[in-house]
Every structure is written in structure tokens, then in C-alpha cells.
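Trainee: Fold the following for me, if possible:
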Amino acid sequence: MATTVRADQLQTPAHNPGASDETIWSPIDTLESVGIQRGDIKKFQEAGYHTADSILMTSARHLERIKGLSEAKVLKAQDSAGKVCRRLGFQSARAVREKRQSDVFHITTGSTELDNLLKGGIETGVVTEIVGEFRTGKTQLAMTLAVTSLMAQEQGGGNGAVLYLDSENAFSDERLAEIADRFGVDRDLADENVFVHNIYNEDNFEPAFKEAKRMIAEQQVSLVIVDSVMSVLRNEYQGRGELSARQQKLSQILYSIKRMAQEFNIAVVLTNQMCADPGCTFTNDAKKAVGGHVLAHLVNLRLYLRKGRGEQRIARIDKSCKHALGEATFELSAGGIMDVAQ
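Mentor: Coordinates of the predicted model:
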């Protein structure tokens, strides 16, 4: 068992503000030093923009919707953000690799074999989708990550808090405590640093993301979990007549999630459901991930889970531009995800 991680040991990691002179993102307050009025900065914050990077990453058309900000003010803010951020402009492949090596880290899944498949675990700065049928371990993997994210980076953790958006009423504080015991994480640390936000309908996503970005800007957060991204939308949009509207809403949600991962260099994990695939005639039990091409294109890595023998589960990388397609076997236990017992 790992050395117990206590609440007073959760330190500011290198990927958050204040840890070094050069951070991945710049607080929006830095715009005041390059000529943006304090009142305008407050309007951006009230609208959910807490970094100078977010101003640069959002189109002027969207920013102009903020009450009290004219086109001229928005363009000036974007120009000023470009002076304090290093988001735009060409970089050499070497610079990209060096930045990735210094900024990106991985969070262990609890299974060495699965970590090896993922080249170290769940990666920060990208969106990872975990898809599978019921009882394949999607939520159990998410709950395990909620605990391991609290551990120090030297132990395979993220050394930061966790934001858990729960649309399926699946979060369990009892499971959190059991998994924390397995990893030697103090229960008080888990209770005080895993924050749960219930999602009841599609309208809850936007304020939840707005609050999440505020929390990430103010404290050390290493992981955001959305469990699951499609359950609410499947209920609210039904039939082919509403499919286009559903996919547009899904695209908006995914864009917000992906930008959050890039802006703050945090890991974002989505769980997703399966549905029957009537268009496939090569198998009697064909299934596919819900969400169509919109979801498939916007996530960075898709991890497909299926059942094995007993409590064994098989994870397969179905989509990734960084990983070779492959499989790993792990086991579900009272302590979360673990390697298969020999």
C-alpha cells in the first residue's frame, strides 16, 4: 500500500499558478498591466473567463455578447491577451516536444497494464472518453481516477483536486472511501478535495462549466470527470427530428470541455454509453458509442471497455493520434481498478 497522503500534503503542483515564473496559463488579472481596465476584467470574470488565455481562445463574436463590452473593448482585450500569453504563433517541433515534456503529466488508472497501454495513464491537456456497456467499469475507473488524482505526481497522481460532474447519480462516497483506503489516501483528503456537481438537464452544463473554470483558476485541480456526457442529452432530445439539435448542443458542450483541458492543462475524462448499431450486418450484437461523429472527432482518446471473465475487463484504444491501437486487461475490485490477480 502506498504511503498515506494527508490533506496537508496536497501542495501546489508545477502546472498551476505560483509554482514557477512561467506557467501554462495567465490569470486574467495580468491584463490590467497591459492596459485593460479593472471594470472590464471583472465583466470577463462574471461571464466565466478567468484567464488571459481564455480571452485569446474565444472568438470576438462570442465575447461581444458579454453585457457592457463593445467590439473595440473586446478586440483590445484580445490584443492585450496576446502580449501576455504564448498561445498563438508558429513553433518548431522541438519547441512543441520540449513544452509537452515539461508541462504534460499522467494520472495512474490503478492498473499497470492499462497505464502502459496509455503510456503512463490518463494524460493532462486532452479529453479522454471511456465508453462501454453497463457494468464494464466506466464509473469504477472514473472513481479510481478521482482518488489517484489526489496523490503526488511522484506516485502517479495529479497532486490536485477533482471536479466530478454527475448526470447519472452514480457517484458514491462509500466507493470513494474504499478506493482511498486501497491507495493509502487519507479519507479526509478525498472528502475535502473531490467536488461533485449534479447534472439534471442540459441547462445545467453551462453554469457547471462556468463554476468549474472559476474553481480551477482559484485552486489546484488536476482532473475533471463528466459521468456521463450523453445520458441527459439522450433523454431531452428524442427521435431523428431532434437529432440535429442534439448534436449541436453536444458540440457546444464538448468544445467547452476541450478548451478547459487545453487552457488549464488538466485531465478531462468523459464516460459514454453504447447503443445498438442497426447498420452493421456482420454481427448479431453490434453496438456503437452514442454521440456519433461529433463526439468521436472532438475527444482526443477513446477507450472502449468490454467484459471479460468474472470481474476482468478489457480496455481497447479505439481512437488516438498519439497511441498505437491495442488492448489491456484489468480487474474490478473493492479498491477500484487493479491488475489481474495472477
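Trainee: list the helices and strands the longest strand seen in the chain packs on?
Mentor: Ranked by number of residues, the top strand in the chain under DSSP state E is strand 312-320. Counting contacts by 3 or more Cβ pairs under 8 Å, 6 or more residues apart in numbering; DSSP states H and E, strand 312-320 is packed against helix 112-117, strand 301-307, strand 327-333. All C-beta spots, glycine's among them, are computed from the backbone N, C-alpha and C.
Trainee: List the buried residues of the first one.
Mentor: Of all the residues in helix 112-117, those buried under the rule 16 or more other Cβ atoms under 10 Å are Glu113, Leu114, Asp115, Leu117.
Trainee: And the residues you listed, which is closest to Ala334?
Mentor: Leu114 (17.9 Å; Cβ to Cβ).
Trainee: Val131 versus the closest one, what's the distance?
Mentor: To Val131, Leu114 is 15 Å away according to Cβ to Cβ, to the nearest Å.
Trainee: Spit out the contact partners of the closest residue to Glu327 other than its chain neighbours.
Mentor: Nearest residue to Glu327 in three dimensions, chain neighbours excluded: Arg316, at 4.7 Å (Cβ to Cβ, 6 or more residues apart in numbering). Residues near Arg316 by Cβ atoms under 8 Å, 6 or more residues apart in numbering: Leu303, Tyr304, Leu305, Arg306, Leu325, Gly326, Glu327.
Trainee: Assumed Lys42 was part of a helix.
Mentor: Yes. Counting by DSSP: H, G, I helix; E, B strand; the rest coil, Lys42 is found in a helix.
Trainee: If you count neighbours, what's buried in the longest strand of the chain?
Mentor: Buried residues in strand 312-320, counted by 16+ other Cβ under 10 Å: Arg313, Ile314, Ala315, Ile317, Lys319, Ser320.
Trainee: now stretch 195-215
Mentor: For stretch 195-215, by 16+ other Cβ under 10 Å, it's Phe195, His197, Ile199, Glu202, Phe205, Ala208, Phe209, Ala212, Lys213, Met215.
Trainee: coming back round to it: ok, of the contacts of Arg316, which come out buried?
Mentor: Among the contacts of Arg316, the ones that count as buried by 16+ other Cβ under 10 Å are Leu303, Tyr304, Leu305, Arg306.
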